[in-house]
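>>> Sequence and predicted model, in that order:
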Amino acid sequence: MWGLLVLSSSTLWLTAFISQDNYWLLLPALLAWGAAMPLLFLPSMKSSVDSVELTKKGQASGVMITSQMLGGTIGMSISSSIFLFTESYEYVFGAAAAVTLLCYLLSFMYFGKGTGAFNSEKQS
């Protein structure tokens, strides 16, 4: 959840400041983006590999890496198409921000209500 929130924030930051052509304005967003990537990929990889039996862990890992690469390829082709039609990086990062915010909201609706952290806050 934190990874999606940080990624959404960094893409919104990039959307706002990409037209300024100032690398110092982009640096915080790029650092946050880099920090968010392990928070996104590692938990999903661990949970998917841990959910299968020992003899199938290699196959599960291969399927996960293939899905990540396929998702990156599709995302890059969509981003390239957006840039081709708009010739503006604001729209590319704006679309990425919209997708990550949507993923965050859907994840929060699905996972956020039943987790122990939220339930312990309600009890105290």
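That came through, no problem.
>>> contacts for stretch 6-19?
With contact meaning Cβ atoms under 8 Å, 6 or more residues apart in numbering, stretch 6-19 is reached by 25-26, 28-30, 32-33, 35-37, 39-40, 89-90, 93-94, 96-97, 100-101, 104. Using the backbone N, CA and C atoms, a C-beta is placed for each residue, glycine as well.
>>> Recalculate using a threshold of 7 Å.
Among residues not part of stretch 6-19, those counted as contacts by Cβ atoms under 7 Å, 6 or more residues apart in numbering are 25-26, 28-29, 32-33, 35-36, 39-40, 89-90, 93-94, 96-97, 100-101, 104.
>>> tell me the average confidence for stretch 84-102?
On average, the pLDDT along stretch 84-102 is 92.
>>> buried residues in it?
Within stretch 84-102, the residues that count as buried by 16 or more other Cβ atoms under 10 Å are 92, 93, 94, 95, 96, 97, 100, 101.
>>> which one of those is nearest residue 21?
residue 93 (14.3 Å; Cβ to Cβ).
>>> For that closest one, give me its contacts.
Residue 93 sits next to 11, 14, 15, 18 when contact means Cβ under 7 Å, 6+ apart.
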